[in-house]
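> Take a look and give me a structure for this.
(2 chains)
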Number of protein chains: 2
Amino acid sequence: MKIESVDFFYLSMPDVRTVGDGSQDALLVRIGAGGLVGWGECEAAPLVSIASWNCPMSHSACRPVSDSVLGQTMDDPDDVRRINALVRTNSFDLLQADHTLSGIDAALWDLLGKKLGQPVYRLLGYPRAYPKTAYASLLFGDTSEETLKKAQSARQAGYRAVKFGWGPFGRDSVDDDARQLQAAREGLGDDVLLLIDAGTVWGDDVQSARKRLPGLLDCRAGWLEEPFVSGALESYRQLAAEAGELRLAGGEGCHNFHQAKNMIDYAGLGYIQIDAGRIGGITVAKQVADYARTKAVQFVNHTFTTRLALSASVQPYAGIQSDDLCEYPFEPSALARDLCGAAIQPDADGRIHLPEAPGLGVEPTIEVIRKYLVNAEIRVGTRYVYRTPKI
Amino acid sequence: MKIESVDFFYLSMPDVRTVGDGSQDALLVRIGAGGLVGWGECEAAPLVSIASWNCPMSHSACRPVSDSVLGQTMDDPDDVRRINALVRTNSFDLLQADHTLSGIDAALWDLLGKKLGQPVYRLLGYPRAYPKTAYASLLFGDTSEETLKKAQSARQAGYRAVKFGWGPFGRDSVDDDARQLQAAREGLGDDVLLLIDAGTVWGDDVQSARKRLPGLLDCRAGWLEEPFVSGALESYRQLAAEAGELRLAGGEGCHNFHQAKNMIDYAGLGYIQIDAGRIGGITVAKQVADYARTKAVQFVNHTFTTRLALSASVQPYAGIQSDDLCEYPFEPSALARDLCGAAIQPDADGRIHLPEAPGLGVEPTIEVIRKYLVNAEIRVGTRYVYRTPKI
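Model prediction:
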């Protein structure tokens, strides 16, 4: 079959707040081919990704993403890989293209799964999908009292692992941070895995990060995520060497395979966290999962938006039993919560299971798309580069 | 003074062709503060960078670039650095923001130089700007005969160094490539420095690159640029170890400091090539130049567009005498050629000199902006995110 249509739907909560909640908007991609429809999602900055789809060409290595997708043949997994590589070649000076490609790639896998009657993980070569322990991904409270309450409610909801991040952590004093960490541990009790996300707050400053190590070891954090910006390899490696039992996690900012490989090779990570909505889709995330396994680094998804993005982010390591953790947005916006109905809920043991339906096994609800759809228009000269499609 | 206005001007040749000539369009940034005006330029994909300036916020770390720029105080170099860092913090999930920031940062330095009556290089701490040997940056001909003629005419134009890149190189057979290399050397004669740019054609495939080493050594190439994609550290390092006298060059794709640092630390480079229009502006390019010096790696600008971008790309290493090479677009489009009049031409020895006028010392011509200005409009709901400003 040939790729006949690619449509972008920019969804947003009516009021986007200045907080670290990445589920306040979403960019959906719908691809049509051979009478079938596939859905994917790009992570972050919908309008900018939309602009990259159909912008004028700057030169031969800075073409709009559409040049490498529309009209392409799509019959088997190698076609998805070929289209993915073609976008990189033709758009490699177009920075945002990597994020745009990510949603397109997921939609292509969804489409192919529907065509072949297989869930995506099986097309990736996994005989089965293992359940993953969902960690509830939460923002630190503004105070340690608030964090305590959040931790208690996550425990009561049955989660076996909880991550706290962002908010005031790392910005206040070392003592304040220690109180936040203690509150999180107290609220969760002794038997729930506690993970900590510093949200790159220390830039590449090892000294600031080092001061928090005692507090992190005291609360028995399972990992320290993103003490530094993605790619600050030397800072990561220095901190990892001093962190004892505490393992480092990072990688969500990677937007191509080599960035992730470099984090695995040089950053001393225990966990590589990949967002399929950023790195170039399921295709590239699977490459990273394969490589991480050869280096004894655990692969974990990064995702903070809808169940569609969640399914796409888990497929790449679904069949690796030992990679048993999964980020699960615990407090998504109404838009992210409602988009795909009740898909992919944790079971009584706090584990999630990928759907066995063909493709990603998760369908966006048209009414919810309509409810949150943003009307946008991009024009260059007399040509409309983008207009919100009808749905 | 406070930053009062930031305007983007998208210029394009009427007909953009599918060739590796990055000068076919341009994105200019004009910043107004305290009655003064500064100019900068972003590299690649104008429409997409424009969209990132004023797009709706996605979350606290994915804000439009404008949030961190408009209304900021700007009185000394530390203000430029502070604004630069603020954009990274507030927009770090907005991939394209790094390219957008690059033009803004250059315009801020230009503005500050005009305010303080100093050329930018002096604000960066250099007592003087050393002349640089301009290498003419040329595309390989479709045939070796065409390459021969191009090389002869570059030699006749007085260049002491010439780079050939892109075109068929690396895509045809090893023998075809060897013929291209021989033609380039023959046309230049024995005493002109010949540089070769593979334009990432081998991805991360060391084997394909290795086969070209004899031909590259035979023609006494001064460097092999971008055999692999930016960030493919292991491939670079392997090839560097086998390349003998031939040094590797790379880094133009870097869009932040750490990517460049990693290329210096791990890729075995002899030359780090930084485009101030991509890496986050003059501020970040200067950081890279400083770091490269501590590692005995030579800094070289990357630029392929206007004289405005050229000036911005040379300021960061203007005062480092031993970093004596400079990329100089030899066959720019009419738009890139005419934008800043006759600014920055090579002297009789094929060397260029930065202007001593305040700021970047290069002013775009309003008539040329008007001639090539693209009319564009971006609307979200009822709000105009962008409309081509009047000039």
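> Which strands and helices lie in contact with the biggest helix by length in chain A?
The longest helix of chain A (DSSP state H) is helix A:97-116. When contacts are defined as 3 or more CB pairs under 8 Å, 6 or more residues apart in numbering or on different chains; DSSP states H and E, helix A:97-116 packs onto strand A:3-12, strand A:25-33, strand A:36-42, helix A:46-54, helix A:77-90, helix A:120-123, helix A:282-294, helix A:307-314. Where you see a C-beta, it was placed from the backbone N, CA and C, and this is true even at glycine.
> Repeat the analysis, applying 7 Å as the threshold.
strand A:25-33, strand A:36-42, helix A:46-54, helix A:77-90, helix A:120-123, helix A:282-294 (3 or more CB pairs under 7 Å, 6 or more residues apart in numbering or on different chains; DSSP states H and E).
> residues contacting the residue of the stretch 251-391 of chain A found nearest chain B?
Relative to chain B, the nearest point of the stretch 251-391 of chain A is residue A:258 (4.1 Å; CB to the nearest CB). When contacts are counted by CB atoms under 7 Å, 6 or more residues apart in numbering or on different chains, residue A:258 is found next to B:204, B:229, B:231-232.
> rerun that using 10 Å as the cut-off
A:265, B:203-204, B:228-235, B:262 (CB atoms under 10 Å, 6 or more residues apart in numbering or on different chains).
> How is chain A divided into domains?
According to automatic domain parsing, chain A comprises the domains A:3-122+A:365-387, A:128-352.
> Residue B:322: which of these is closest?
domain A:128-352 (24.8 Å; CB to CB).
> What is the end-to-end distance of the closest one?
The straight-line separation of the ends of domain A:128-352 (CA to CA, to the nearest Å) is 14 Å.
> Repeat that for stretch A:324-342.
Terminal residues of stretch A:324-342 lie 22 Å apart, using CA to CA.
> re the thing from before, okay, the helices and strands packed on helix A:97-116, which one's buried deepest?
helix A:46-54 (a mean of 28; mean count of other CB atoms under 10 Å in any protein chain shown).
> For the stretch 251-391 of chain A, which segments are assigned as helices?
For the stretch 251-391 of chain A, helices defined by DSSP state H, counting those that start in this stretch occupy the ranges A:257-266, A:282-294, A:307-314, A:334-338, A:366-372.
> So for the second one, mean pLDDT?
Spelled out, that is helix A:282-294. Here helix A:282-294 scores 98 as its mean pLDDT.
> and that helix, what does it pack onto?
helix A:77-90, helix A:97-116, helix A:120-123, helix A:257-266, strand A:271-274, strand A:298-301, helix A:307-314 (3 or more CB pairs under 10 Å, 6 or more residues apart in numbering or on different chains; DSSP states H and E).
> Now do that helix against helix A:257-266, angle only.
With axes from the mean of the first three to the mean of the last three CA atoms, to 10 degrees defining the directions, helix A:282-294 sits at 10 degrees from helix A:257-266.
> Now helix A:282-294 - C-alpha only, CSV.
Coordinates of each C-alpha in helix A:282-294 appear next as CSV, following Å, rounded to 0.1, in the frame of the first residue of the first chain:
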residue,chain,number,x,y,z
ILE,A,282,9.4,3.2,17.8
THR,A,283,12.0,2.2,15.1
VAL,A,284,14.8,4.1,16.8
ALA,A,285,13.7,3.4,20.4
LYS,A,286,13.9,-0.4,19.5
GLN,A,287,17.5,0.1,18.3
VAL,A,288,18.3,1.7,21.6
ALA,A,289,16.6,-1.1,23.6
ASP,A,290,18.7,-3.6,21.6
TYR,A,291,21.9,-1.7,22.2
ALA,A,292,21.2,-1.1,25.9
ARG,A,293,20.8,-4.8,26.4
THR,A,294,24.3,-5.5,25.1
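> And it, how far out from the chain middle?
Computed by CA atoms, centre = their mean, to the nearest Å, the chain-centroid distance of helix A:282-294 equals 14 Å.
> and if you look at stretch A:94-104?
14 Å.
> doesn't residue A:263 make contact with residue A:269?
Yes. Counting by CB atoms under 10 Å, residue A:269 touches residue A:263, with 5.9 Å between them.
> so what sits against both of these two?
Common contact partners of residue A:269 and residue A:263 (CB under 10 Å, 6+ apart): A:233, A:236, A:248, A:250-251, A:292, A:297.
> re earlier: now distance to residue A:8 too, for the helices of the stretch 251-391 of chain A, in TSV please.
Shown next, in TSV, are the helices of the stretch 251-391 of chain A (distance: least, CB to CB, whole Å):
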stretch	distance to residue A:8
helix A:257-266	24
helix A:282-294	18
helix A:307-314	14
helix A:334-338	16
helix A:366-372	11
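> Find the closest residue to chain B in the stretch 101-250 of chain A.
Checked against chain B (CB to the nearest CB), the nearest residue in the stretch 101-250 of chain A is residue A:231, 4.1 Å away.
> before we move on, which element is that residue in?
Following DSSP states H and E, one finds residue A:231 outside all helices and strands.
> Quick one: neighbours of it, just the number.
26 (other CB atoms under 10 Å in any protein chain shown).
> nearest spatial neighbour of it, skipping sequence neighbours?
Leaving out its chain neighbours, the residue that sits closest to residue A:231 by CB to CB, 6 or more residues apart in numbering or on different chains is residue B:258, at 4.1 Å.
> Please tell me how far the one you found sits from residue A:228.
Taking CB to CB, to the nearest Å as the measure, residue B:258 falls 9 Å from residue A:228.
> can you list residues touching both of these two?
Shared contacts of residue B:258 and residue A:228 (CB under 10 Å, 6+ apart): A:203-204, A:234-235.
> Next to chain B in this structure, residues from the stretch 151-300 of chain A, please.
A:166, A:199-201, A:203-204, A:228-235, A:252-262, A:265-266, A:275, A:278 (CB under 10 Å from any CB of the partner chain).
> In PyMOL, how would I select just the buried ones from those residues?
Filtering those down to the buried ones (16 or more other CB atoms under 10 Å in any protein chain shown) takes a single PyMOL command:
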select buried, chain A and resi 166+199+200+201+203+204+228+229+230+231+232+233+234+235+252+253+254+255+256+257+258+259+260+261+262+265+266+275+278
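> hey, where'd the helices end up in the stretch 101-250 of chain A?
A:120-123, A:144-156, A:174-188, A:206-210, A:213-218, A:233-242.
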